[in-house]
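>>> Have a look at this prediction, sequence included:
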Amino acid sequence: MSLENRIINQFTDSIQTKQNVLTELCELIEVASQRMVTALLNDRKIFTCGNGRSACSAQLLSSSLLNQFERDRPSLPAIALTADSTTLTAIAGDGGYEEIYAKQLRSLGISGDVLVAFADGNHSANIAKAITVAQSKDISIIAITGGKNEAISALLNERDLEIRVQSSSTIRTHEVHVLITHCLCDLIDYQLFDGTG
């Protein structure tokens, strides 16, 4: 196979995955954006977390809220629990890696906040612990997951929301997670700053 054909295959696979999940995820993304807007209108915060490439999605979401998405507008309170390497390594060193997000949430999170947890398909004890802490503090959970996240799904209750990308490819899952992040940012800006919130 030529290099050009490999490129074409990557684009085609990406487009196909997005088309496959579009109809099943639209309503869930809409509901997630509304939950986030409700929190923001009530002076609450959006927390994000994820591991590895999912940490990039978490930081993309918090950065786009705190700074801006596609236009200049007031900053929105968002905290990426993944971003402070000193805090992360201190918590991991003293209390274990599974505590790196949970400990921050215990300290910073309050009822009415939202936790957006990105998980690409592999079970992560630190994401699971963060979800458990969020539930105990009445923090709304939006889990953006992949096709193999049965362990994360099992932790969620009827008040939590899961946006699951059904794909066997971790790379395609990450691509859709980035698109979901962009959709959320667009919907939040639209609801808060275009008079429809």
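Received the coordinates, thanks. Everything quoted here is computed from the prediction, not taken from an experiment. Residues are numbered from 1 along each chain as shown.

>>> helices and strands of this structure: which one bottoms out on pLDDT?
Least confident helix or strand of the chain, by mean pLDDT, DSSP states H and E, is helix 150-155 with a mean of 86.

>>> and for that helix, what are the contacting residues?
Residues outside helix 150-155 that contact it (C-beta atoms under 8 Å, 6 or more residues apart in numbering) are Ala117, Ala119, His123, Ile127, Ala128, Ile131, Thr132, Ala143, Thr145, Glu162, Arg164. Using the backbone N, CA and C atoms, a C-beta is placed for each residue, glycine as well.

>>> where are the low-confidence patches of this structure?
Across the chain, the ranges flagged by pLDDT under 70 are 122-123, 148-149, 195-197.

>>> one step back: following element in sequence after the least confident helix or strand of the chain, please.
strand 161-165 (DSSP states H and E).

>>> now that following strand, how far from the centre of its chain.
Remark: strand 161-165 is offset 10 Å from the chain centroid, using C-alpha atoms, centre = their mean, to the nearest Å.

>>> Pull out the buried positions in the helix or strand following that strand.
Next along the chain after strand 161-165, taking DSSP H and E as the criterion, comes helix 170-193. Buried residues in helix 170-193, counting neighbours by 16 or more other C-beta atoms under 10 Å, are found at 170, 172-177, 179-181, 183-185, 187-189, 191-192.

>>> Stretch 12-21 too?
Ser14, Thr17, Lys18, Val21.

>>> now, among those, which is nearest to Asp72?
Lys18 (28.6 Å; C-beta to C-beta).
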